[in-house]
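Undergrad: Sequence plus predicted model, see below.
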Amino acid sequence: MPKPLRMSRRTWVAAWAVLCAAGIAATAALNASPAPDPQPEKPVRAECAEYIADIGAQLAKAKAEGNDDGVLAFKRTRVGADDCSEEVLDHFSGDR
C-alpha cells in the first residue's frame, strides 16, 4: 500500500492563504458588479392598488405578530370585473 504524500505545515498554510485570497477577490468582484436595472413599475388600477395595500397591511400585521409564513389572500370577482391577480403577483414577486 503506497504511503500518502506528506505535506509540510508551511505548504498547508500557503494553500489556505491562496484559497482565502481567491475567495476575497471573488467576493470583491461580485460586490463591485453593477446591479441589474430595476424594471419600471406598471401602472396599477385603483381597485387593484387598494387590494394590494390590504394584503400588504395583513403581511405587516402577521410579521409584527411574529408569523413570517405569509398571508393567504382570496378575492371574489364579479362577472365581467377585472382580475387583479397579475398585479398582485407583480407587486409581491420580490418577496418569494
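TA: Sure, I can see it. Numbering: from 1, shown residues only.
Undergrad: can you give me the strands in the protein?
TA: For the chain, no strands turn up when DSSP state E is the criterion.
Undergrad: Point out where it drops to low pLDDT.
TA: Judged against pLDDT under 70, the low-scoring parts of the chain cover residues 1, 39-41, 70-71, 73-82, 94-96.
Undergrad: if we go to 50?
TA: Under the criterion of pLDDT under 50, the regions of the chain flagged as low confidence span 95-96.
Undergrad: longest single helix anywhere in it?
TA: The longest helix of the chain (DSSP state H) is helix 9-32.
Undergrad: okay, that one in CSV with CA atoms only?
TA: Provided in CSV are the C-alpha atoms of helix 9-32 (Å, rounded to 0.1, in the frame of the first residue of the first chain):
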residue,chain,number,x,y,z
ARG,A,9,2.7,22.7,7.6
ARG,A,10,4.1,25.6,5.6
THR,A,11,2.6,24.1,2.4
TRP,A,12,-0.8,23.8,4.0
VAL,A,13,-0.7,27.4,5.3
ALA,A,14,0.3,28.6,1.8
ALA,A,15,-2.5,26.7,0.2
TRP,A,16,-5.0,28.0,2.7
ALA,A,17,-3.8,31.6,2.2
VAL,A,18,-4.1,31.3,-1.6
LEU,A,19,-7.7,29.9,-1.3
CYS,A,20,-8.6,32.7,1.1
ALA,A,21,-7.2,35.4,-1.2
ALA,A,22,-9.1,33.9,-4.1
GLY,A,23,-12.3,33.9,-2.1
ILE,A,24,-11.8,37.5,-1.1
ALA,A,25,-11.0,38.5,-4.7
ALA,A,26,-14.1,36.7,-6.0
THR,A,27,-16.3,38.4,-3.3
ALA,A,28,-15.0,41.8,-4.1
ALA,A,29,-15.6,41.3,-7.8
LEU,A,30,-19.2,40.2,-7.2
ASN,A,31,-19.9,43.1,-4.9
ALA,A,32,-18.4,45.5,-7.4
